[in-house]
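Asks: Let's see this in three dimensions:
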Amino acid sequence: MGQLINMWNIYVKSVREKLTRERVMARVEEEAKPVLWKKDEWVADYKRIRVMGIKA
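Replies: Presented below is the predicted three-dimensional model:
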């Protein structure tokens, strides 16, 4: 999960103040795990990961 945290630190600094990293990463894992968790490891092509912000 280290690479996801690095992406988080680079791309969403302004959002980070409003949301906790743990809360966001838990949601990312919840949404991504059915697709990206294979056997006992995460499998992802970093070029295809997209992040979308939704104003609440």
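Asks: For the helix or strand where residue 22 lies, list every residue counted as buried.
Replies: Assessed by DSSP states H and E, residue 22 sits inside helix 21-36. Within helix 21-36, the residues that qualify as buried are 24, 28, counting by 16 or more other C-beta atoms under 10 Å. Yep, even glycine has a C-beta here, placed from its N, CA and C like the rest.
Asks: can you list the residues that contact that helix?
Replies: Residues from elsewhere that reach helix 21-36 (C-beta atoms under 8 Å, 6 or more residues apart in numbering): 1, 4-5, 8, 42-44.
Asks: I'd like the mean pLDDT over stretch 40-54, please.
Replies: Mean pLDDT, computed over stretch 40-54, is 75.
Asks: End to end on it, go ahead and measure it.
Replies: With C-alpha to C-alpha, to the nearest Å as the measure, stretch 40-54 spans 31 Å from end to end.
Asks: returning to that earlier point: from the contacts of helix 21-36, which land in strands?
Replies: Counting by DSSP state E, these place residue 42 in strands.
Asks: Would you list the buried entries among the contacts of helix 21-36?
Replies: 4, 8.
Asks: what about stretch 22-40, distance to the chain center?
Replies: Distance, stretch centre to chain centre, for stretch 22-40: 8 Å (C-alpha atoms, centre = their mean, to the nearest Å).
Asks: ok, now how distant is residue 54 from residue 36?
Replies: 21 Å (C-beta to C-beta, to the nearest Å).
Asks: helix or strand right after the helix holding residue 22?
Replies: Counting by DSSP H and E, the element after helix 21-36 in chain order, helix or strand, is strand 37-38.
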